[in-house]
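**Student:** Generate coordinates for the sequence data below:
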Amino acid sequence: MTDAQETAADSSLRTTGGAPPDDVETAPIPLLEPSEGIPPVIADEAALAQVVAAFAAGTGPVAVDAERASGYRYGQRAYLVQLRREGAGSALIDPVACPDLSGFGAAIEDAEWVLHAATQDLPCLREIGMVPSELFDTELAGRLAGFPRVGLGAMVEGVLGYVLEKGHSAVDWSTRPLPEPWLRYAALDVELLVDLRDALEKELDRQGKLDWAHQEFDAIASAPPAPPRKDPWRRTSGMHKVRRRRQMAVVRELWTARDRVAQRRDVSPGKVLGDAAIVEAALALPPTVQALAALPGFGHRMGRRQLEQWQAAVDRARALPDAELPQPGQQVAGPPPPRAWADKDPAAAARLSAARAAVSARAEALHMPQENLITPDTVRRVCWEPPSVVDPDSVGAALAAHGARRWQVEQVTPVLVTALAARA
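**Tutor:** So this is what the prediction gives:
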């Protein structure tokens, strides 16, 4: 970090974490160019090998970021990977041209990886062979430290005093070649990430939360890949309007047909057929192509062949025997929705109300979002089926059994014991 960056960071942390400085605040500085210029995009094995060697010889943490093409392409694969390390500089890698980056991952395996909102990027990085053994998540660090805005741009400005240009965050990163302004934006995303990590580490240490953060980071790094979602068609936007099982079958058939087309064409499913159109067809149950074409979302721009494939999906749902129709509600493990607790178990509803208030007060005292202190699902599960004997050991064990980290158990157990014992 340069002297100017250190001054900006120290001033900002004094402002956010302690007493405001007496001097006039310095206006944030626009960060317009990477310090070493825009690095070339690595798109062949020879260039990749050189960069791998440079990063293996570098020192300190490695800043890592990835760009996807959400809303444009099917799935969440990475279309650009950005990295930066002391002694190696910055690198931009095209994972389409270099789809196996396991060698790169192995070269920096022992280093701490610095990511912003790590859980968003880790799945697509894992697909190309990059899996960290140790990480630092600057977004999560900001949440734990109590920053009100934790986007990368807000954090860099609030902590380091620099303004990042964020105009290209939602572009189609599958575009080839990538335009120079996009590459500049991508390189700047990792330019100050390690500096931000260092400043946040100091702030977390000052607040006595650094060990908490490391427990959270370790949990993210060691978490297994998420299992495939069961019945993903149930997440269709507007699904709450669909009440009848036959209509639900139409949603399922259309969603499945759309997903096959989107995967084959490698485009976002929403570009093939919108969720709103799927719901309209489910509600109307059109008997013919002509009736389908009259519905919103199936307008004149849609060709006859497309209309016929969607009508075929509707017809399949219409022809299903009752026994094969989907059930109204998805079977989920755990307690029922909280809105049903008052009728099903008034005592549990009272416990949940008291527990929520107690956890909220503790989170406020610790200056962090309630969901980062403990997940709402964990609180619900403990309140729905509390230990037979409510004491610190039993409540702490219940929290740990539901995945709470050690620091969360230490902070939440006392307030939950009080709330549960008062409603026993």
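
**Student:** in its sheet, what does the host helix or strand of residue 82 sit against?
**Tutor:** Element membership for residue 82 (DSSP states H and E) is strand 78-86. Its sheet considered, strand 78-86 pairs with strand 59-68 (antiparallel), strand 89-93 (antiparallel) by DSSP bridges.

**Student:** In a markdown table, list the ones you listed along with mean pLDDT.
**Tutor:** Shown next, in a markdown table, are the strands paired with strand 78-86 (pLDDT from 0 to 100):
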| stretch | mean pLDDT |
| --- | --- |
| strand 59-68 | 98 |
| strand 89-93 | 98 |
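
**Student:** Can I get these in TSV including mean neighbour count?
**Tutor:** Every residue, glycine included, has its C-beta placed from N, CA and C. Output for those, formatted as TSV (neighbours: other C-beta atoms under 10 Å):
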stretch	mean neighbour count
strand 59-68	22
strand 89-93	23
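
**Student:** Centre-most residue in the chain?
**Tutor:** In the chain, the residue lying closest to the centroid (C-alpha atoms, centre = their mean) is residue 120, at 3.9 Å.

**Student:** Now the element after the helix or strand where it lies, going C-ward?
**Tutor:** Here residue 120, judged by DSSP H and E, is contained in helix 118-127. Once the chain leaves helix 118-127, the next helix or strand it forms, by DSSP H and E, is strand 135-137.

**Student:** Please enumerate the strands of the stretch 151-300 of the chain.
**Tutor:** In the stretch 151-300 of the chain, the segments counted as strands under DSSP state E, counting those that start in this stretch are 162-164.

**Student:** Tell me where the model's unsure across it.
**Tutor:** Applying pLDDT under 70 to the stretch 151-300 of the chain picks out no residues at all.

**Student:** Contact partners for residue 48?
**Tutor:** Contact partners of residue 48, counting by C-beta atoms under 8 Å, 6 or more residues apart in numbering, are 42, 93, 98, 101, 103-104.

**Student:** how does it look with 6 Å?
**Tutor:** Counting by C-beta atoms under 6 Å, 6 or more residues apart in numbering, residue 48 touches 42, 98.

**Student:** Read off the pLDDT value for it.
**Tutor:** For residue 48, the model assigns a pLDDT of 97.

**Student:** Which secondary structure element is home to it?
**Tutor:** Residue 48 belongs to helix 45-57 when assigned by DSSP H and E.

**Student:** try residue 143
**Tutor:** Secondary structure assignment for residue 143, by DSSP H and E: helix 138-145.

**Student:** quick one: that helix to helix 118-127, angle?
**Tutor:** Computed by axes from the mean of the first three to the mean of the last three C-alpha atoms, to 10 degrees, the angle separating helix 138-145 from helix 118-127 equals 150 degrees.

**Student:** 36 is where my numbering starts, stick with that
**Tutor:** Understood, numbering begins at 36; the last thing we discussed is helix 173-180.

**Student:** Extract the C-alpha set from helix 173-180 and format it as PDB.
**Tutor:** C-alpha atoms of helix 173-180 as PDB (Å, rounded to 0.1, in the frame of the first residue of the first chain):
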ATOM      1  CA  THR A 173     -13.600  -8.800   2.600                       C
ATOM      2  CA  GLU A 174     -17.400  -8.500   2.300                       C
ATOM      3  CA  LEU A 175     -18.000 -10.800   5.300                       C
ATOM      4  CA  ALA A 176     -15.300  -9.000   7.200                       C
ATOM      5  CA  GLY A 177     -17.100  -5.700   6.600                       C
ATOM      6  CA  ARG A 178     -20.400  -7.200   7.900                       C
ATOM      7  CA  LEU A 179     -18.700  -8.500  11.000                       C
ATOM      8  CA  ALA A 180     -17.100  -5.100  11.600                       C
END
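
**Student:** Looking at the strands paired with strand 113-121, which is nearest to residue 186?
**Tutor:** Residue 186 lies closest, by C-beta to C-beta, to one member of these: strand 94-103, at 13.3 Å.

**Student:** tell me the domain ranges of this structure?
**Tutor:** 38-257, 267-359, 373-457 (automatic domain parsing).

**Student:** picking that back up, okay, the strands paired with strand 113-121 in JSON lines with distance to residue 73 next?
**Tutor:** Converted to JSON lines, the strands paired with strand 113-121 look like this (distance: least, C-beta to C-beta, whole Å):
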{"stretch": "strand 94-103", "distance to residue 73": "15"}
{"stretch": "strand 124-128", "distance to residue 73": "8"}
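
**Student:** between those, which one is nearest to residue 338?
**Tutor:** Comparing the strands paired with strand 113-121 by C-beta to C-beta, strand 94-103 comes nearest, at 29.5 Å.

**Student:** What about residue 316, how many residues nearby?
**Tutor:** By other C-beta atoms under 10 Å, the residues close to residue 316 number 27.

**Student:** Likewise for residue 315?
**Tutor:** For residue 315, the number of neighbouring residues by other C-beta under 10 Å comes to 18.

**Student:** thinking again about what came up before, what about dumping the CA coordinates of the helix holding residue 83 to PDB?
**Tutor:** In PDB, the C-alpha atoms belonging to helix 80-92 read as follows (Å, rounded to 0.1, in the frame of the first residue of the first chain):
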ATOM      1  CA  GLU A  80      -0.900 -22.600 -22.100                       C
ATOM      2  CA  ALA A  81       2.500 -21.000 -22.600                       C
ATOM      3  CA  ALA A  82       1.500 -17.700 -21.200                       C
ATOM      4  CA  LEU A  83      -0.400 -19.400 -18.400                       C
ATOM      5  CA  ALA A  84       2.700 -21.300 -17.400                       C
ATOM      6  CA  GLN A  85       4.600 -18.000 -17.100                       C
ATOM      7  CA  VAL A  86       2.000 -16.400 -14.900                       C
ATOM      8  CA  VAL A  87       1.700 -19.500 -12.700                       C
ATOM      9  CA  ALA A  88       5.500 -19.400 -12.100                       C
ATOM     10  CA  ALA A  89       5.300 -15.700 -11.300                       C
ATOM     11  CA  PHE A  90       2.500 -16.100  -8.800                       C
ATOM     12  CA  ALA A  91       4.200 -19.200  -7.200                       C
ATOM     13  CA  ALA A  92       7.200 -17.000  -6.600                       C
END
